[in-house]
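Q: A structural model of the following input is requested.
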Amino acid sequence: MRSRGDTYASAGVRPAVSPVRARVAAELGWARQRLGEARDRRYMIPSLETPTQTPDRYRDVRVIKNVTVPMRDGVILAADVYSPAGAGRLPAVLIRMPYGKDRHYAMATRGKFWGRKGYHCVIQDVRGRGRSGGEWGFLENEAADGYDTLDWLAAQPWCDGNIGMAGESYYGMTQWAVAPLGHPNLRCIAPGHTACDLYDVVHPGGAFTHTTLGLWAYIMRTRRDRNPYRFDPWHLPLISSDEDAGGPSRPYKDYVEHWARDSWWEQRRLSRRHAEVTIPVLEWGGWFDLLLPGTLADWGSLMSPATGPELRSRRWLMIGPTDHAFTTLQTSRAGRLSLGGCWWPFDRVKRFFDLWLRGERNGAGTDSRVQLYSVGRDRWHGETEWPPPSAQPTRYYLHSGGRANTAGGDGALDLDPPGEEREDILLYDPEDPVCYWFTRDLWESARHLGDRREVEGRRDVLVYTSSPLERPLEVCGPIRVSLHVASSRPDTDFTAALVDVYPDGYAQLVQEGIMRARFREGCEHEVLLEPERVTRMEIDLAAASHAFACGHQVRLEVSSSSFGRWDRNLNTADRLGRGVAPATAVNRIRHDRQAPSYLVLPVVDGD
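A: Numbering: from 1, shown residues only. Sure thing, here's the model as predicted:
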């Protein structure tokens, strides 16, 4: 997905762009994107290869396009079959995806990868997308269609009956949808960059990932993607953003109408059937991926004591240095950080399949239960569980003399509990939000990590910084922030960003999170603020495995917006998604003996 920067640009206040000019720019942007995709399909994609450091079993791969696969209700789905040239009966890898097997840049490369590694690879358009018949609905048919596809695949003369499923994002969800059904030929799955409980990534902390998952839901309404450049992130009310962009979208409307966690989300929560998954699972994700919180929540569900020790012994987790779009495979960088081992997802999944589909004694079954890449140390390490038992939750307290606004203020961060200190105040105007991510593509977040000093120069950003580290500080595990706050409004947001500050002042994001005040007691129900009354609020910053180098500083930014990552809180009591009149909020952070505020880091001892 593309950023909307060339149409509705801007850091800060919304620019004055006439509707006609915006619509023309949107159509031109969409035309350029489609032209570029067509050019890539013709000239670039045929030469692309999936990164690998393992030997191929076959050199040549043949493909049969648009193979028809019948479903139980008569709908026909379309698939491409990639096979090693001259091979007979072999195990098969199934990938079921909604983005168009003919359009998605990576599908041909994945098919060739698996063919050369000695597998037949079937890449299928899910119902209602690409060349497949029927109508698409979010996770509505993936279980039954997946089962029917497995039936068809197991019956093919070139399949030896051993099938694994692979893929990331939505085509990780298609694996989780069918795995509990116990198909006799589905031997294992390897879902990546995915989430079985999508609520927490659509509405993290009660906010809305409006320009990522919201935009995705708008685009996915029809068989072919809609024009994303017509989607105006500034539009109010949010409930009609889809119509403003050209037409109603039921998936988008569902996301807005079901803002709180309710039965609609529960019906689509794939993790409620994790206990029924009895086959081996290799779950993987990326430290820079938007869906990382969901991936880690899935692992917690998979490893619940209720699943039993035998099942838990056949489940593995890997978190590596990737974002959702795998940009680090191309750049080997995330901001200033140099990343090694970026070939990791595909060769490691292949090793897993070699064990469970081919029966090779390659040691994959004895790998560390949890395998993590340490950002900043550029190395992998194994753990017995997640979070790592060696990680010690450590409080870093916020301090200031009441002037923590901007990086030039007096905000500090250390291990000492506070005494009597003045509160910090920020003025949050929804018409002028923090906009670091607004013109950057969050699906490619690693590519767009950069210097945050411009953000930290804003008066509505409170900045708390440690002294330069005398020795490296390594963190590995969940990260959270606990704040004592008050606001002049009945609702507002509080955001927190963990930042690594280099000796020259360069500031790079590690992780960030948000909490919408009305959901501070849980996302199942709303409790508005009593203006000016102090309340405690927890902000989840997901997790990290990150090493702060000697001489660097640990920094925490606290604000009330990060537009482009999350929607703007209008600071009113209006029903969410229906408000049209923003109001300015005076937000306060207390950090004194009676009401301390602190960052909790999972600190591990270095070797």
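
Q: Report the separation between residue 40 and residue 73.
A: 35 Å (CB to CB, to the nearest Å). For every residue, glycine as well, the C-beta is placed using N, CA and C.

Q: Of the two, give the one with the bigger neighbour count.
A: residue 40 (14 against 11; other CB atoms under 10 Å).

Q: Could you confirm the more buried one falls within a helix?
A: Yes: looking at residue 40 with DSSP: H, G, I helix; E, B strand; the rest coil, it is inside a helix.

Q: Pull the contacting residues for it.
A: By CB atoms under 8 Å, 6 or more residues apart in numbering, the contact set of residue 40 is residue 105.

Q: Buried ones in the lowest-mean-pLDDT helix or strand in the chain, by neighbour count?
A: Ranked by mean pLDDT, DSSP states H and E, the helix or strand of the chain with the weakest confidence is helix 19-39, at a mean of 83. Applying a neighbour-count criterion of 16 or more other CB atoms under 10 Å, one finds 22-23, 25-26, 29-30, 33 buried in helix 19-39.

Q: Tell me the helices and strands packed up against it.
A: If contacts are counted by 3 or more CB pairs under 8 Å, 6 or more residues apart in numbering; DSSP states H and E, helix 19-39 sits against no helix or strand.

Q: Please save the CA atoms from it in CSV.
A: Output of helix 19-39 as CSV, limited to C-alpha atoms (Å, rounded to 0.1, in the frame of the first residue of the first chain):
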residue,chain,number,x,y,z
PRO,A,19,-11.7,18.8,-3.6
VAL,A,20,-11.2,18.9,-7.3
ARG,A,21,-7.4,19.2,-7.1
ALA,A,22,-7.3,16.4,-4.5
ARG,A,23,-9.4,14.1,-6.7
VAL,A,24,-7.2,14.8,-9.8
ALA,A,25,-4.0,14.2,-7.8
ALA,A,26,-5.6,10.9,-6.5
GLU,A,27,-6.4,9.7,-10.0
LEU,A,28,-2.9,10.6,-11.2
GLY,A,29,-1.3,8.9,-8.3
TRP,A,30,-3.3,5.8,-8.8
ALA,A,31,-2.5,5.8,-12.5
ARG,A,32,1.2,6.1,-11.8
GLN,A,33,1.1,3.3,-9.3
ARG,A,34,-0.7,0.9,-11.7
LEU,A,35,1.6,1.8,-14.5
GLY,A,36,4.6,1.1,-12.3
GLU,A,37,3.1,-2.2,-11.2
ALA,A,38,2.5,-3.2,-14.8
ARG,A,39,6.1,-2.2,-15.7
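
Q: Give the rounded mean pLDDT of the strand or helix carrying residue 513.
A: Using DSSP states H and E, residue 513 falls within strand 507-516. Per-residue pLDDT over strand 507-516 has a mean of 98.

Q: Next: stretch 260-271.
A: On average, stretch 260-271 scores 96.

Q: Quick one: end-to-end length of it, please.
A: 18 Å (CA to CA, to the nearest Å).

Q: So for stretch 545-558, what gets flagged as buried?
A: Across stretch 545-558, burial judged by 16+ other CB under 10 Å covers 545-548, 552-558.

Q: I'd like those written out as a markdown table, with pLDDT and secondary structure added.
A: Formatted as a markdown table, the buried residues of stretch 545-558 follow (pLDDT from 0 to 100; DSSP: H, G, I helix; E, B strand; the rest coil):
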| residue | pLDDT | secondary structure |
| --- | --- | --- |
| 545 | 98 | strand |
| 546 | 97 | strand |
| 547 | 97 | strand |
| 548 | 98 | strand |
| 552 | 98 | coil |
| 553 | 98 | strand |
| 554 | 98 | strand |
| 555 | 98 | strand |
| 556 | 98 | strand |
| 557 | 98 | strand |
| 558 | 98 | strand |
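
Q: want to throw those into JSON lines with distance to residue 392?
A: Listed next are those as JSON lines, based on distance: CB to CB, whole Å:
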{"residue": "545", "distance to residue 392": "15"}
{"residue": "546", "distance to residue 392": "15"}
{"residue": "547", "distance to residue 392": "16"}
{"residue": "548", "distance to residue 392": "15"}
{"residue": "552", "distance to residue 392": "20"}
{"residue": "553", "distance to residue 392": "20"}
{"residue": "554", "distance to residue 392": "15"}
{"residue": "555", "distance to residue 392": "21"}
{"residue": "556", "distance to residue 392": "19"}
{"residue": "557", "distance to residue 392": "24"}
{"residue": "558", "distance to residue 392": "24"}
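
Q: which among the residues you listed gets closest to residue 228?
A: residue 557 (28.6 Å; CB to CB).

Q: Which strand residues bridge that closest one?
A: Residue 557 forms beta bridges with residue 463, residue 497, as assigned by DSSP bridges.

Q: Contact partners for it?
A: So residue 557 contacts 452, 455-456, 461-464, 495-497, 499, 512 (CB under 8 Å, 6+ apart).

Q: mind redoing it with 10 Å?
A: The contact partners of residue 557, taken as CB atoms under 10 Å, 6 or more residues apart in numbering, are 404, 407, 411, 434, 452, 455-456, 458, 461-465, 495-499, 507, 509, 512.

Q: Buried residues in the helix or strand encompassing residue 295, which are they?
A: Using DSSP H and E, residue 295 sits in helix 292-302. By neighbour count on 16+ other CB under 10 Å, the buried set for helix 292-302 is 292-299, 301-302.

Q: what's the answer for stretch 125-135, then?
A: 125-134.

Q: Now, those residues that are in helices?
A: Per DSSP state H, helices hold no members of the buried residues of stretch 125-135.

Q: Compute the first-to-last residue distance for stretch 395-414.
A: 8 Å.

Q: from the chain's centre, how far out does it sit?
A: The chain centre lies 30 Å from the centre of stretch 395-414; the measure is CA atoms, centre = their mean, to the nearest Å.

Q: if we can go back for a sec, of the buried residues of helix 292-302, closest to residue 248?
A: residue 294 (27.0 Å).

Q: ok, now which ones touch the closest one?
A: 172-173, 193-202, 204, 271, 285, 542.

Q: How about it: what's its closest non-neighbour residue?
A: residue 195 (2.2 Å; CB to CB, 6 or more residues apart in numbering).

Q: and stretch 141-151, what's its mean pLDDT?
A: Here the average pLDDT along stretch 141-151 is 98.

Q: Count the residues that sit near residue 89.
A: Counted with other CB under 10 Å, residue 89 comes out at 13.

Q: hang on, the earlier thing: out of the contacts of residue 294, which sit inside strands?
A: 285, 542 (DSSP state E).

Q: Done for today, thanks.
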